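Visitor: heads up, no residue letters with this:
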């Protein structure tokens, strides 16, 4: 009775997965205009060729279907800033959540079927509850990955921004204009941070927008307060003609000091955690020394 129910549950999970994949395969693709234009740009194409592969068309199709078919309340919370920083399309993110949830539904019945073949059967309620629980956990796993990757990306952005501010200060000290200094400094580095800054500055040039306003918008979009402070300094230089060399060097030095203090605090926290195993080992050793005497005392009484 239990084996038949487990096989039926497994068959239903595979059938549901097959239906979802079939619908996602037959749906017409809706290309992302930004991604299409980036592929048509030679420089961006070369940049993407050396970076990680991010073409997950299957997940994007599932995500497009989910956006159309499922109510918005299903997603609960979408890390919009984190996805914008990582440049992950919303459809791909939703598709990843759906795929992970389906994997969570399928894994417990598969394990239950495997243990059943070994003679270690479980009640039908165990794989059913485990499927629901694992599906919920894996549904939120992409959220955690996006937040964690964005945290690391923001830290990398802050490190690179300190070097960029120093370059801008040197350009301004050499007599370059505000926009020229910002664009020339952004062309020096080849990391994704410098590329992102160069893209925003180029876009602001063609749209007629002041470069500091473009960086303000980028800071608000990605949640980068350090970039917002830098934009304020450049606004002061561009609108009032103030000399900002000293301010820029002081800002970059303050950023490096803050990052150093954070790394020292993190190293101290790691060092404190490393003392816990040694303390536990000492407690265990003392317990081994005291245990024989306690046992003899209690046995005599």
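Guide: It's in. Everything numeric in this text was worked out from a predicted model, so none of it was measured.

Visitor: Now do the buried residues in stretch 142-158.
Guide: For stretch 142-158, burial by neighbour count (16 or more other Cβ atoms under 10 Å) applies to 142-143, 145-146, 149-150, 153-154, 157-158. Every residue, glycine included, has its C-beta placed from N, CA and C.

Visitor: now the helices for the stretch 1-150 of the chain?
Guide: 2-26, 33-40, 42-50, 57-69, 80-86, 90-117, 125-139, 141-173 (DSSP state H, counting those that start in this stretch).

Visitor: what's the least confident stretch among these?
Guide: Per-stretch mean pLDDT for those is lowest at helix 42-50 (a mean of 39).

Visitor: before we move on, which element is residue 179 in?
Guide: helix 178-186 (DSSP states H and E).

Visitor: Could you pull out the buried residues of the helix or strand just after that helix?
Guide: Proceeding N to C from helix 178-186, the next assigned helix or strand is helix 192-207, under DSSP H and E. Going by neighbour count (16+ other Cβ under 10 Å), the buried part of helix 192-207 is 193-201, 204.

Visitor: any chance of those in CSV, with distance to residue 119 too?
Guide: Formatted as CSV, those follow (distance: Cβ to Cβ, whole Å):
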residue, distance to residue 119
193, 57
194, 61
195, 58
196, 57
197, 62
198, 64
199, 61
200, 63
201, 67
204, 69
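
Visitor: between the residues you listed, which is closest to residue 76?
Guide: The closest of the buried residues of helix 192-207 to residue 76 turns out to be residue 196 (Cβ to Cβ; 28.8 Å).

Visitor: I'd like to know how many residues surround the residue lying closest to the closest one once chain neighbours are set aside.
Guide: Excluding its sequence neighbours, the residue lying closest to residue 196 (Cβ to Cβ, 6 or more residues apart in numbering) is residue 218, at 7.6 Å. Neighbour count of residue 218, defined by other Cβ atoms under 10 Å: 22.

Visitor: who touches the helix or strand hosting residue 218?
Guide: Element membership for residue 218, per DSSP H and E: helix 211-222. With Cβ atoms under 8 Å, 6 or more residues apart in numbering as the contact definition, helix 211-222 has outside contacts at 81, 84-85, 154, 157, 178-179, 182-183, 196-197, 200-201, 203-205, 224-225, 227-228, 230-232, 234-235, 238.

Visitor: contacting residues for the closest residue to residue 62 other than its chain neighbours?
Guide: With sequence-adjacent residues excluded and distances taken as Cβ to Cβ, 6+ apart, residue 62 is closest to residue 95, at 3.9 Å. Contact analysis of residue 95 by Cβ under 8 Å, 6+ apart lists 24, 56, 58-64, 66.

Visitor: The same query, at a cut-off of 7 Å, please.
Guide: Contact analysis of residue 95 by Cβ atoms under 7 Å, 6 or more residues apart in numbering lists 59-60, 62-63, 66.
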